[in-house]
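Chemist: mind looking at a prediction? Sequence and model below.
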Amino acid sequence: MPKVAPAPSGGSKKPSDYVCQLHYKHARVVEPESTTDDGLKRLKDVGDKGTLITAAELGLVDKYRDMKLAGQEILTCDWPYHYSSILYACYGNQYKILQMVEREFAASNEELTRMHTTRCWVGKNSAMVAAYQGHLETMLYIIDLDMQGKFTEGLFTQRDVMGKNAMMWAASQGHTDTIEVLLVRSLYRLLPEDCADPLVLKTRWKLVSLLADLASHCRDYDPGCSRRFFQEVLASINYDPIEGARLEEAAAAGGGASAREGAALHEPTWAVYDGDEEEERARKGLKHVDHLVAKSAASTTSVARGGGGGGGRRESAGSGGGAVKLKDVHITVRTLQGVIVSAYRAGMNCMGVIMYCQSLLQQARYFDDLVAQLTAWEVKLLDTCRNKQEVQAILAPTDDDPSEPVGYALSTFDKAFLSHKFVQQIFTEKWDTMGVTDYTKSLFGVVWGGGSLVVSFAAWVVICPLVVIARSFFSPVQDFMMRGKVIVDSRFPWHVPLYRWLLTQCALISFTVLLSYLVFTFDATDPVPASVAPLNTFLAVWCVAILVDEAQEYLEEGRAEYMSSGWNVMDITMALSYILHYILRIIAVRVTDNINILLVVNDLLAASALMAWFRMVSVFELSSAIGPLIQMMKQMIIKDVTRFAFLVLVILLGFSVGMEALFQEACIERDPSTNECTKYTNWGYEWQKDGLVGGMTFLQYIALGNANPVDFEQKRVTGIIFYIIFAIVTAILLLNLFIAMLADTYTRVSTQAMVEFRYRKAKIMAAYSRRDFVCPPYNLLHLVCGSIGNSFRRLVWGPEGFTPVNLRKNETVPLFSWYFPQGEEMRQVVLLQRRVVDDFLSSNRVALFREKLNAELPNLVHQMLKQKGQGDGAASLTGGGSAGAAAAASTTVLATAVSMAAGR
């Protein structure tokens, strides 16, 4: 589209209103001073033009080569951004510079990798810089190098100091074209390179061909070279698209070759789904419909012309031998369907592939419809299973694909998968091996279970330290404690996740009760040394153990997983508050005359006690009655209360400043000799002269109805106006807005509350399935004794002469015992997995094909009616003999289309 430009000055044409309003009137076309290749024609603000960095950013290929041959280094970085010439070439979209460096100056793949992985000051590599700028051509060339295996490190999996990779940077800037090519590259890398299955080869070829088509406008830095992107990658894939299309056409025309026999190759576009016989029959049905319409038209035309015998013969589309042209489609449902089917044919876990594609699209941000489709496929695949055995089969790692879909769902926060009833069932099987939770359904069971829990916890308090010390120095004890880690049952209760969770909650309740006892038993009249009682010290050690436990969890689980739970924040706040309270109380014992320290001590103790009781809410997380309410409260606090608090804070600050000015002290009389002023401060309602804090306190009195308009009378109209405005804003607008926000959140979240509850329940079950039975405060004893015992026995028995004690918080064991079947059991698992996944893919193909057919059915019926009208017109000229044949053909076409749309 041509740009709108104003009429030249002095011209006869007057600019239109559109030009006058929208065109930037002061814009001038800046002509370069020289047309030589000195960089001025780029019109860029650059520095010294005698460096490789400037030549790389401006794309001066010849000058870059000359300066490199003169001795300048490619990886010389500027200050302070630490950008090398490679990064500046990516910044300026100068992929020709990258081409020249790769061919002329990179002696090995290691050296080329070092060039592209040299980071800038924020940790970006070349792929991240190109993705951030949205330079499609440069990104395509880097992807080409990656697919050729030129990089010895994962350029696209590296993250910068902010934890972002290339995909995240492209998504954060909204570069959808760059996002799509990165997704295509990830889907290509998903499929194994060593798989010789024809369908896998075809899918890989199609993905690379799509990238090559998008890069068709890119040119080589050498004008005499016709080398184009991705040609080496296409040549490395053992697939001939012309031969594949010919075999497919022969199979579709009934030449005796099926889709599987014809190298499992279908239409060389993304318009159909690579699959099995069901889709082939459906596709043949479409061709049969087209054939009937064409035959009806041909027979009608031949009758009209008086010609006899037979309709026109359909020419083979593959006889021309032309090149395959990809449709202008990038990432669609059919693309994902083809990749998933191909990955499954390559022996990969279908559920794991769906989850991986879903996580990729979630990183890309702009594919919500595809993410929803993949989530629906996850649920559909689980719904295809008829019992727990089939669910275990589709989730079990195999020799071909040892991936763990359940663990991946936990790490990617896949709520739809973890909240499914079948997944909850397999978690419950390991969670409660004796069915203890069934006893909570009756009053007698609750009383009996509570008494048993108290006795068991009391026994654990005594036995746990003894076991921790014994297993740290005696290998037989450690060997016995290691039994039952995989096949969990009631014989080894310390490995049952439910019992571990109950012990942790009992420890939390004990800490809260002891802290509350400390608060209520404190007596200010006690002697000074008694202020730091043994209970204070014990609770302080307990809080240190909690902080150590939280540090271990953060290091082992990572920042994202750790910060996803708000309980961790409460634990840290509670422990830190009490430790600071304990330290300041010791200081207060020595400095008894400082009232401020005593007040701070009480504040910290109050904060610790409050956090402890808030933390007690987590005890009810697994309750089906209270658990969903807890999740709704979390959503309200995060999404509503936080936003509303910012709004209220701004309004309170504004009125506080206004009230401070309104009740400013006034000088009513000044002594000329001393220049002293007699101030009048009684403007109303005992205004607190404490700045913003006092002002906000006073406004809270007003909001709660404790202020009277009479208090503003001495300010006459101004005070009354301020009072009325604030009362309307707070008591009417803000209060009703907050109530409406909470009601809307409750309505929205209540429909998803059960999903959130089941998701949180699965997270807790998985966490305690791998967690050790030692919890604070005994974890300190475990770490100290375990370290000393391991070191001592290593010196005495050698590295292989004993069973070491694991000092990690989470044990490295599989979640479920059925993860690693062997022998005949493995064969049965693979067969069952294939049967379930085949049913799922077959129903998926039928559903997608039916959707496509429903979209094309109106056009098909329109063509049929048009051909019928032409047949009726021809029949009126030649006689009614052919009218019946045309009507019969049209009826057959319509019946075939309707039956196919109905899914028969």
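Modeler: Ah, there it is. Numbers count the residues shown, from 1 in each chain.
Chemist: how about the helix or strand where residue 587 lies: buried residues?
Modeler: Using DSSP states H and E, residue 587 maps to helix 566-590. By 16 or more other CB atoms under 10 Å, the buried positions in helix 566-590 come out as 568, 570-582, 584-585, 588. (Each C-beta comes from the backbone N, C-alpha and C, glycine too.)
Chemist: what of stretch 856-869?
Modeler: Neighbour-count burial for stretch 856-869 [16+ other CB under 10 Å]: 857, 860, 863, 864, 867, 868.
Chemist: for that stretch, what does the pLDDT average out to?
Modeler: For stretch 856-869, mean pLDDT is 77.
Chemist: so who does the residue nearest the centre of the chain touch?
Modeler: The C-alpha lying nearest the average C-alpha coordinate of the chain belongs to residue 362 (CA atoms, centre = their mean; 4.7 Å). Applying CB atoms under 8 Å, 6 or more residues apart in numbering, we find residue 362 in contact with 371, 412.
Chemist: can you do 6 Å?
Modeler: Counting by CB atoms under 6 Å, 6 or more residues apart in numbering, residue 362 touches residue 371.
Chemist: next, work out how far apart it and residue 183 are.
Modeler: Distance from residue 362 to residue 183, counting by CB to CB, to the nearest Å: 11 Å.
Chemist: shared neighbours of those two, anything?
Modeler: Counting by CB under 6 Å, 6+ apart, nothing touches both residue 362 and residue 183.
Chemist: if we can go back for a sec, ok, the residue nearest to the centre of the chain to residue 67 distance?
Modeler: Taken as CB to CB, the span from residue 362 to residue 67 is 44 Å.
Chemist: same thing with residue 623?
Modeler: Residue 623 is 71 Å from residue 67, by CB to CB.
Chemist: which one of the two has more residues nearby?
Modeler: Neighbour comparison, residue 623 and residue 67: the larger count goes to residue 67, with 19 against 14 (by other CB atoms under 10 Å).
Chemist: helix, strand or coil for that one?
Modeler: Classification of residue 67 using DSSP: H, G, I helix; E, B strand; the rest coil returns helix.
Chemist: so what's the spatially closest residue to it that is not a sequence neighbour up against?
Modeler: The shortest distance from residue 67 to any non-neighbouring residue, by CB to CB, 6 or more residues apart in numbering, is to residue 52 (5.5 Å). The contact partners of residue 52, by CB under 6 Å, 6+ apart, come to 67, 72, 85.
Chemist: let me know the pLDDT of residue 52.
Modeler: On the pLDDT scale, residue 52 gets 90.
Chemist: that's a strand at residue 667, yeah?
Modeler: Yes - counting by three-state DSSP, residue 667 is found in a strand.
Chemist: who's it bridged to?
Modeler: residue 679 (DSSP bridges).
Chemist: surely it meets residue 677?
Modeler: Yes - between residue 667 and residue 677 there is a contact under CB atoms under 6 Å: 4.0 Å.
Chemist: which one in the chain is furthest away from the centre?
Modeler: Here the centre of the chain is the reference, and by CA atoms, centre = their mean the most remote residue is residue 673, at 74.9 Å.
Chemist: next, that residue: phi, psi?
Modeler: phi -80, psi -40 (degrees, to the nearest 10).
Chemist: so after the lowest-mean-pLDDT helix or strand in the chain, what's the next helix or strand?
Modeler: Of all the helices and strands that make up the chain, helix 277-304 has the lowest average by mean pLDDT, DSSP states H and E, namely a mean of 42. Reading on from helix 277-304 to the C-terminus, the next helix or strand found by DSSP H and E is helix 333-345.
Chemist: please compute how far that following helix lies from its chain's middle.
Modeler: 21 Å (CA atoms, centre = their mean, to the nearest Å).
Chemist: okay, the helix or strand that it is followed by in CSV with CA atoms only?
Modeler: The C-terminal neighbour of helix 333-345 among helices and strands, as given by DSSP H and E, is helix 350-364. Provided in CSV are the C-alpha atoms of helix 350-364 (Å, rounded to 0.1, in the frame of the first residue of the first chain):
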residue,chain,number,x,y,z
CYS,A,350,1.5,-39.6,23.1
MET,A,351,0.5,-37.9,26.4
GLY,A,352,4.0,-36.6,26.9
VAL,A,353,4.1,-35.2,23.3
ILE,A,354,0.7,-33.4,23.8
MET,A,355,2.0,-31.9,27.1
TYR,A,356,5.2,-30.7,25.5
CYS,A,357,3.4,-29.0,22.6
GLN,A,358,1.0,-27.4,25.1
SER,A,359,3.9,-26.0,27.2
LEU,A,360,5.5,-24.6,24.0
LEU,A,361,2.3,-22.8,23.0
GLN,A,362,1.9,-21.5,26.5
GLN,A,363,5.3,-19.9,26.3
ALA,A,364,4.3,-18.4,22.9
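Chemist: can you list the buried residues in helix 350-364?
Modeler: Buried residues in helix 350-364, counted by 16+ other CB under 10 Å: 350-364.
Chemist: alpha carbons only: can I get the very next helix or strand once past that helix in PDB?
Modeler: Helices and strands here follow DSSP H and E; after helix 350-364, the next one along the chain is helix 368-384. C-alpha atoms of helix 368-384 as PDB (Å, rounded to 0.1, in the frame of the first residue of the first chain):
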ATOM      1  CA  ASP A 368      -4.800 -19.700  23.400                       C
ATOM      2  CA  ASP A 369      -7.200 -21.600  21.100                       C
ATOM      3  CA  LEU A 370      -4.500 -24.200  20.300                       C
ATOM      4  CA  VAL A 371      -3.600 -24.500  24.000                       C
ATOM      5  CA  ALA A 372      -7.300 -25.200  24.700                       C
ATOM      6  CA  GLN A 373      -7.400 -27.800  21.900                       C
ATOM      7  CA  LEU A 374      -4.400 -29.600  23.400                       C
ATOM      8  CA  THR A 375      -5.900 -29.500  26.800                       C
ATOM      9  CA  ALA A 376      -9.000 -31.000  25.400                       C
ATOM     10  CA  TRP A 377      -6.900 -33.700  23.800                       C
ATOM     11  CA  GLU A 378      -5.300 -34.500  27.100                       C
ATOM     12  CA  VAL A 379      -8.600 -34.900  28.800                       C
ATOM     13  CA  LYS A 380      -9.900 -36.900  25.800                       C
ATOM     14  CA  LEU A 381      -7.000 -39.300  25.900                       C
ATOM     15  CA  LEU A 382      -7.600 -39.900  29.600                       C
ATOM     16  CA  ASP A 383     -11.300 -40.300  28.900                       C
ATOM     17  CA  THR A 384     -10.500 -42.900  26.300                       C
END
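Chemist: contacts for helix 368-384?
Modeler: 333, 351, 354, 357-358, 361-362, 416-417, 420, 422, 836, 839-840.
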